[in-house]
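K.L.:
Make a model of this:
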Amino acid sequence: MKHLRSFLGLALISISVASYAQTDKETTAKIVGNKAYNFVANTALPMANNDLNRIMSAMPGAQSGTMINLTGSQYDVKVTKDSVVAYLPYYGRAFSAPYNSNEGGIKFTSKNFTYTESKSRKGAYIIQINTKDVTRENYRFTINISQNGYASLTASSVNKQPIVFNGYLDEPVKKD
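P.N.:
Residues are numbered from 1 along each chain as shown. I've put the predicted structure just below:
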């Protein structure tokens, strides 16, 4: 019953998201083509396991750890041609922990990374970013971007279970 409720909730969210476009096709194509955009996270979907479900179900308003609302929390990934700056939370099983508790989550600035972009038959963008210079651990980001600017980011590394973030693309603020 929990899985059915979760599935119906995700279906309702995806229908409501599809009915309201974030950006138009031209803007999305421009910011992806320029390699200059911000991915703003609205929800986090951690990998399901019994330990995480127990903890998340104890939180107020949680539904067995299926989806965590991040709206208004300023979590994002800034991508430019020469850097990737990530500031994301992490919920899930980590196989090694940082010494400093302030270093938790997925927080880094990378100047040495690979960036590959492809396009699906339906016009969605698929971007792979592999960092090479993050001190504690390197990350692989897979970003799927719709033509309307909605996106999902899958973050994976050697020391943590993968986590999926849903959100949207935003144009970076131009500095004068």
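K.L.:
what about the helices in the protein?
P.N.:
2-18, 25-33, 50-57 (DSSP state H).
K.L.:
and the longest strand for the chain?
P.N.:
Across the chain, the strand with the greatest residue count (assigned by DSSP state E) is strand 37-46.
K.L.:
Show residues contacting that strand.
P.N.:
31, 52, 56, 65-71, 73, 75-79, 88-89, 91-92, 143, 151, 153, 161, 163-172 (CB atoms under 8 Å, 6 or more residues apart in numbering). C-beta: built from backbone N, CA, C; applies to glycine.
K.L.:
Next: stretch 158-167.
P.N.:
Residues contacting stretch 158-167 (CB under 8 Å, 6+ apart): 39-47, 49, 70, 75-76, 88, 90-96, 136-138, 150-156.
K.L.:
try it again with 6 Å
P.N.:
Under the criterion CB atoms under 6 Å, 6 or more residues apart in numbering, residues 39-47, 92-96, 137, 152-156 lie in contact with stretch 158-167.
K.L.:
And those, which of them are buried?
P.N.:
39-46, 92, 137, 152-153, 155 (16 or more other CB atoms under 10 Å).
K.L.:
of all those residues, which comes closest to residue 116?
P.N.:
Of all the buried ones among the contacts of stretch 158-167, residue 116 sits closest to residue 153, with 14.9 Å by CB to CB.
K.L.:
Just to check, residue 107 is in contact with residue 88?
P.N.:
No. Taking CB atoms under 6 Å as the definition, residue 107 is not a contact partner of residue 88, at 7.3 Å.
K.L.:
which of those two has more neighbours?
P.N.:
residue 88 (22 against 17; other CB atoms under 10 Å).
K.L.:
In space, what's closest to that one - neighbours in sequence excluded?
P.N.:
Nearest in space to residue 88, with sequence neighbours left out and distances taken as CB to CB, 6 or more residues apart in numbering, is residue 106 at 4.2 Å.
K.L.:
Thank you kindly, that will do.
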